[in-house]
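Student: predicted model and sequence below, questions to follow.
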Amino acid sequence: MRWTARQVDNLSKKLDCAGKLKVLSDRTRLAVMEVLLLEPCSVGQLSERLFVEQSLLSHHLRVLREAGLVKGDRQGKSVIYRATESTLVPGKLNAINLGCCQLHFEPGQRQRFNSRTASQAEGGPE
C-alpha cells in the first residue's frame, strides 16, 4: 500500500499528539500547564505554588519545552514560562489544545494537587 501525503500528514499529527499526551501524563507537568494557562510564571513562582523543588521543576519545564507546550522568555536574571500560543484554546483558561484533541481541567483540580503536595512537603501523610 502506498501512502498519500495527506495520510502521512495525519499520521504525523496523531503521533505528535500522542507524544504530548505522554508528556502530560506526569502529574507535575500537568499541574505546571494548568498554572501557566492562567498566567506566566518563573520557576520560583511555580515552586511556591506547586510545592515542588526548583531543580525538579526545571527538569519538567525542559520536557514541556521540548514537546512545544511551553516557552521561556528571559527577563533579567529570571526566565518567565508561559504556555505556547499553539496550546491555547481561545476563550478558555482551563484547556490545552494538543492538535488532535483538547484537554480540559476541572475546577479545583490544582487545589487538590497543592493540598496533597503541601502535606507531603510538611512531612504529613501521602
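Tutor: Here it is on my side, so go on.

Student: buried ones in stretch 31-46?
Tutor: Of the residues in stretch 31-46, those with enough neighbours to count as buried (16 or more other CB atoms under 10 Å) are 31-37, 40-43, 45-46. In short, each C-beta sits where N, CA and C put it, glycine included.

Student: so which of those belong to helices?
Tutor: Within these, membership in helices is found for 31-37, 43, 45-46, as judged by DSSP state H.

Student: between those, which is nearest Q54?
Tutor: Of all these, the one sitting nearest Q54 is V43; the distance, using CB to CB, is 5.1 Å.

Student: picking up where we left off before, now, which of the buried residues of stretch 31-46 sits nearest S58?
Tutor: Of all the buried residues of stretch 31-46, the one with the least separation from S58 (CB to CB) is V43, at 5.9 Å.

Student: is it correct that that closest one is in contact with V79?
Tutor: Yes: because the distance of 7.0 Å satisfies CB atoms under 8 Å, V43 is recorded as touching V79.

Student: show me the contacts for the residue nearest the centre of the chain.
Tutor: The centroid of the chain falls nearest to M33 when counting by CA atoms, centre = their mean (2.9 Å). With contact taken as CB atoms under 8 Å, 6 or more residues apart in numbering, M33 is in contact with 24, 64, 69-70, 83, 87, 96.

Student: quick one: secondary structure of the residue nearest to D73 when sequence neighbours are not counted?
Tutor: The shortest distance from D73 to any residue that is not its chain neighbour, by CB to CB, 6 or more residues apart in numbering, is 5.3 Å, and that residue is I80. Under the three-state scheme (DSSP: H, G, I helix; E, B strand; the rest coil), I80 adopts strand.

Student: quick one on the thing from earlier: separation between the residue nearest to the centre of the chain and D26?
Tutor: Counting by CB to CB, to the nearest Å, the gap between M33 and D26 amounts to 10 Å.
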